[in-house]
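>>> I would like to see how this sequence folds:
(one chain, ligands or ions: 1)
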Amino acid sequence: MSMIPVNEPLLPGRELEYIADCIATGWISSAGKYIDRFEKKWAVYCGRKFGVAVCNGTVALELALSSLDIPAGGEVILPSFTIVSCLEAVLRNNLIPVLVDCDPRTYCMDLADVYRKITPKTAAIMPVHIYGHPVNMAELIPLTLEHHLIIVEDAAEAHGSECLVDGVWRRCGSFGNVSTFSFYANKNITTGEGGMALTDDPVIAAKLQARRNLCFGAKERFRHEDRGCNYRMTNLQAAMGCAQLERIDQFLSRKVDMASKYNLALHGLPLQLPHVEPWAKTSVWMYAIMLEDSATFDAVEFSRRLMDRGVQTRPFFMGMHEQPVYRNMGLFKDTHCPVTEHIYRRGLYLPSGQAITNEQIEQVCDAVHQVLR
Ligand SMILES: *Cc1c(COP(=O)(O)O)cnc(C)c1O
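A predicted model of the protein is given here:
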């Protein structure tokens with residue numbers, strides 16, 4: 001029996017044509033028309049003034065925090081339930097991570113916990129739109145205004161997701177002083193590897209541009225006034241991004257369609273299906289489900305049983321406060337995030353890639369039914 005992969009990209013449009021153009025013209029490095037085009041078009045799509053393309057979403061976050069020049073020792077509040085990229089961005093900028101628990105239904109950061117953890121040292125908040133469901137920005141924005149806090153928005157899973165703020169639907173990626181995306185192969189649009197930082201502030205944009213490119217001197221190239229790194233994206237990657245972006249509406253509606261098929265077929269099982277708040281539109285990056293307490297096994301066993309039936313899944317994130325590497329560094333000794341701990345042990349996501357067929361969705365649902373029968 002062939003296995004249904006947890007994620008496969010779909011490259012059905014002009015990807016090959018644009019990449020062939022790069023090769024034919026020799027523009028294969030980090031300058032070229034596709035870089036400019038991809039940055040402009042993605043910024044416009046997200047309602048931002050500036051886009052700065054980089055080589056992945058992890059460094060996009062690191063560069064975003066760097067560009068804000070928060071003094072060392074400042075605290076950044078972020079969810080424990082996320083990928084290590086978020087925490088690494090904080091640590092690599094010599095800032096202090098303060099972890100918060102998550103909402104048991106949307107899996108996004110718990111804003112009451114954010115509120116509790118604001119101190120005079122808090123400099124920034126990093127909302128992460130988990131599995132495509134937005135953080136409630138209508139609640140978070142007033143909080144950050146009241147306490148003069150910076151928002152670094154991680155929208156790596158939320159291409160095209162929207163959040164209702166003051167009666168207006170706004171796209172994720174539009175909310176941060178700096179907002180970041182990943183275009184990794186399993187994201188809703190992909191460049192293979194890739195990322196971008198977005199901002200409306202020209203000073204921040206200039207820092208992002210300089211620091212992704214080693215801060216070469218403006219007058220004298222090899223005279224450096226600031227520190228940077230090589231985080232550049234190639235024109236080849238941007239070419240793919242341009243082609244993917246042309247089809248984003250189709251990609252998104254297919255994801256919504258996929259989720260409604262799953263919802264219909266899995267309804268009534270001892271599972272918590274994805275919850276979508278009335279103020280949210282999700283990109284359905286991943287179709288995430290959680291075993292209810294009545295199920296007698298955990299997510300590891302659930303995943304194993306699905307794999308036996310040809311269905312590949314991925315477990316939920318292990319909370320940052322439980323990660324051995326950070327515990328061994330002495331971090332998070334007094335951090336407790338009971339919801340994060342619980343969902344990590346009970347949740348996984350089903351095959352959710354662009355390339356999944358309706359037949360495969362049915363096979364996945366059959367397998368889930370068999371396992372939970
Ligand atoms: C994928 C992802 C990243 C990292 O992106 P890469 O391009 O893989 O480095 C960062 N944050 C979140 C929430 C992600 O899902």
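>>> Tell me the residues of the stretch 1-150 of the chain that contact the ligand?
56-58, 82-83, 85-86, 128 (Cβ under 6 Å from any ligand atom). C-beta coordinates here come from the backbone N, C-alpha and C atoms, glycine included.
>>> Please apply the same query to the stretch 251-373 of the chain.
Contacts of the stretch 251-373 of the chain with the ligand, taken as Cβ under 6 Å from any ligand atom, are absent.
>>> what stretches of the stretch 251-373 of the chain score poorly on pLDDT?
In the prediction, the stretch 251-373 of the chain carries no residues with pLDDT under 70.
>>> Check the secondary structure at the residue of it found nearest the ligand for me.
Closest to the ligand within the stretch 251-373 of the chain is W285: 7.4 Å, counting by Cβ to the nearest ligand atom. Put simply, W285 is coil when judged by DSSP: H, G, I helix; E, B strand; the rest coil.
>>> So it sits against G132, correct?
Yes. In terms of Cβ atoms under 8 Å, W285 counts as a neighbour of G132; the distance is 3.8 Å.
>>> Compare these two and say which is more crowded by neighbours.
Between W285 and G132, G132 has the larger neighbour count (other Cβ atoms under 10 Å), namely 28 against 24.
>>> Quick check: the gap between the more buried one and A243.
22 Å (Cβ to Cβ, to the nearest Å).
>>> Show me the chain divided up by domain.
Per automatic domain parsing, the structural domains of the chain span 15-245, 248-372.
>>> nearest to the ligand, of the residues of the stretch 1-150 of the chain next to the ligand?
G57 (2.5 Å).
>>> Return the residues in contact with the closest one.
By Cβ atoms under 8 Å, 6 or more residues apart in numbering, the contact list for G57 reads 85, 154, 156, 180-184, 187, 194-195.
>>> The stretch 51-200 of the chain: helices as residue ranges?
Assigned by DSSP state H, counting those that start in this stretch, the helices in the stretch 51-200 of the chain fall at 57-67, 84-92, 111-117, 137-146.
>>> Dump those to CSV, plus mean pLDDT.
Converted to CSV, the helices of the stretch 51-200 of the chain look like this (pLDDT from 0 to 100):
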stretch, mean pLDDT
helix 57-67, 98
helix 84-92, 98
helix 111-117, 98
helix 137-146, 98
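>>> Dump the ones you listed to JSON lines, plus distance to D201.
Formatted as JSON lines, the helices of the stretch 51-200 of the chain follow (distance: least, Cβ to Cβ, whole Å):
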{"stretch": "helix 57-67", "distance to D201": "9"}
{"stretch": "helix 84-92", "distance to D201": "18"}
{"stretch": "helix 111-117", "distance to D201": "23"}
{"stretch": "helix 137-146", "distance to D201": "15"}
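>>> Give me whichever of the ones you listed is most buried.
The highest average neighbour count among those, using mean count of other Cβ atoms under 10 Å, belongs to helix 57-67 at a mean of 27.
>>> bridging residues for V54?
V54 has these beta-bridge partners by DSSP bridges: G195, R232.
>>> I figured it hits L198, correct?
No. The criterion here is Cβ under 8 Å, and V54 misses it with L198 at 11.3 Å.
>>> Q250: neighbouring residues, count only.
13.
>>> re the thing from before, need the contact list for the residue of the stretch 251-373 of the chain closest to the ligand.
W285 makes contacts with 131-132, 157-159, 187-188, 255, 352, as judged by Cβ under 8 Å, 6+ apart.
>>> ok, back up a step: find residues that contact each of W285 and G132.
157-158, 188, 255.
>>> mind listing the strands for the stretch 251-373 of the chain?
Remark: strands assigned in the stretch 251-373 of the chain by DSSP state E, counting those that start in this stretch are 271-272, 280-281, 287-291, 314-315, 347-350.
>>> For those, give me a markdown table that also has mean neighbour count and distance to N358.
Below are the strands of the stretch 251-373 of the chain laid out as a markdown table (neighbours: other Cβ atoms under 10 Å; distance: least, Cβ to Cβ, whole Å):
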| stretch | mean neighbour count | distance to N358 |
| --- | --- | --- |
| strand 271-272 | 16 | 20 |
| strand 280-281 | 22 | 22 |
| strand 287-291 | 23 | 14 |
| strand 314-315 | 17 | 21 |
| strand 347-350 | 22 | 14 |
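>>> Mind checking the ones you listed for the one nearest to A72?
Between A72 and the strands of the stretch 251-373 of the chain, the shortest separation by Cβ to Cβ is 34.4 Å, and it involves strand 314-315.
>>> For that closest one, which strands pair with it and how are they oriented?
Strand pairing for strand 314-315, using DSSP bridges, gives strand 347-350 (antiparallel).
>>> Tabulate the CA atom coordinates of the strand it pairs with in CSV.
Output in CSV follows, covering the C-alpha atoms of strand 347-350 (Å, rounded to 0.1, in the frame of the first residue of the first chain):
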residue,chain,number,x,y,z
GLY,A,347,-2.6,16.2,19.0
LEU,A,348,-1.4,15.6,15.5
TYR,A,349,-2.1,16.9,12.0
LEU,A,350,-3.4,14.9,9.1
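>>> circling back: any idea which of the domains of the chain is most buried?
Of all these, domain 15-245 has the most neighbours on average by mean count of other Cβ under 10 Å, namely a mean of 21.
>>> Give me the local confidence score for P12.
As predicted, P12 sits at a pLDDT of 88.
>>> show me what contacts it?
R247.
>>> now the one 3 residues further on
Residues touching E15, when contacts are defined by Cβ under 8 Å, 6+ apart, comprise 239-240, 243-244.
>>> again, only using 7 Å
By Cβ atoms under 7 Å, 6 or more residues apart in numbering, the contact set of E15 is 240, 243.
>>> What separation do you get for it and the ligand?
Separation of E15 from the ligand (Cβ to the nearest ligand atom, to the nearest Å): 18 Å.
>>> for F50, same thing?
In terms of Cβ to the nearest ligand atom, F50 sits 19 Å off from the ligand.
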